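In: Take this sequence and fold it.
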Amino acid sequence: MNEIPPSAARALRAAVVTASDKASVGLREDASGPTLVELLRQLGADVGAAKVVPDEQPQMEELLASLADSGEIDLVLTTGGTGLAPRDRTPEATLAVADMLVPGFAEAMRAASFAVTPHAMLSRAVAVVRKRTLIINMPGSPKACREHFTVIAPALKHAVETLRGEAYECASPAILDAAAGGDCLKQPV
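Out: Numbers count the residues shown, from 1 in each chain. Down below sits the predicted model:
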């Protein structure tokens, strides 16, 4: 009888941050943030209200650090501010609060997007970890958010479980049970 440990049943706790000068002052409706909230909830995540901030790097840094440092958020998805416009500073704000880089998420999103448009090369999105929180920059349009979320969704649960110390880095528990020897066997990350 395989019982699921209580910690494994814990929902992914997520936050969404939209970087937009116009949306932050009500000149444009934020459509991407609510799209990401909906996608996260469909994945089974516990998501608070989406936050909207202007494209001000210090303000974004403060919010991202606060969310990660709270210990109450496993995943932050940002939307907007990843292009080449002079006010696009989301990647810089994200990198400024990072403890480590997780380049695979941004690489996978760009690769999938490149199959649709050569403009994917213009994305400066990054993914990082601060403490035990994964922060991933997403594009600024609802359509692109949906497309990119489809790419990253299969890896989110394992990434969060690994950061929580609930997953095994080298193999799934089923493989670990069947395997013999090795340093990482039976060693939670």
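
In: which other residues reach the longest helix anywhere in the chain?
Out: Counting by DSSP state H, the longest helix found in the chain is helix 142-164. Contact with helix 142-164 is made by 7-8, 10, 12, 31-32, 35-36, 39, 43, 74-75, 77, 79, 102, 104-105, 108-109, 112-113, 116, 129, 132-134, 136, 138-139, 167, 169, 189, as judged by Cβ atoms under 8 Å, 6 or more residues apart in numbering. In short, each C-beta sits where N, CA and C put it, glycine included.

In: so Leu40 touches Ala11, yeah?
Out: No. Look at Leu40 against Ala11 with Cβ atoms under 8 Å: they stay out of range, at 10.1 Å.

In: I'd like the mean pLDDT over stretch 68-86, please.
Out: Mean pLDDT, stretch 68-86: 97.

In: quick one: terminal-to-terminal distance for stretch 112-131?
Out: Separation of the first and last residues of stretch 112-131 by Cα to Cα, to the nearest Å is 28 Å.

In: Now it: buried residues?
Out: Buried positions in stretch 112-131, judged by neighbour count with 16 or more other Cβ atoms under 10 Å: Ser113, Ala120, Ser123, Arg124, Ala125, Val126, Ala127, Val128, Val129, Arg130.

In: likewise stretch 100-113?
Out: Burial within stretch 100-113, assessed by neighbour count using 16+ other Cβ under 10 Å, is assigned to Val102, Phe105, Ala106, Ala108, Met109, Arg110, Ser113.

In: how near is the closest residue to the fifth one other than its chain neighbours to Asp88?
Out: Among residues not flanking Met109 along the chain, His148 sits closest, at 4.5 Å (Cβ to Cβ, 6 or more residues apart in numbering). Going from His148 to Asp88 by Cβ to Cβ, to the nearest Å gives 16 Å.

In: Looking only at neighbour counts, state which of the two leads.
Out: Per other Cβ atoms under 10 Å, whichever of His148 and Asp88 has more neighbours is His148, with 29 against 16.

In: Next one: that one from Glu62, what distance?
Out: 25 Å.

In: what sits up against the helix or strand hosting Ser66?
Out: Following DSSP states H and E, one finds Ser66 within helix 57-69. Identification of contacts with helix 57-69 by Cβ under 8 Å, 6+ apart yields 15, 17, 19, 51, 53, 73, 76, 78, 81, 89-90, 92-94, 96-97, 130-133, 135.

In: Out of those residues, list just those in helices.
Out: Thr90, Glu92, Ala93, Thr94, Ala96.

In: quick one: the closest residue to the last one other than its chain neighbours from Ile135, how far?
Out: Pointing back at Ala96 there. Nearest residue to Ala96, sequence neighbours excluded (Cβ to Cβ, 6+ apart): Glu61, at 5.0 Å. To Ile135, Glu61 is 11 Å away according to Cβ to Cβ.
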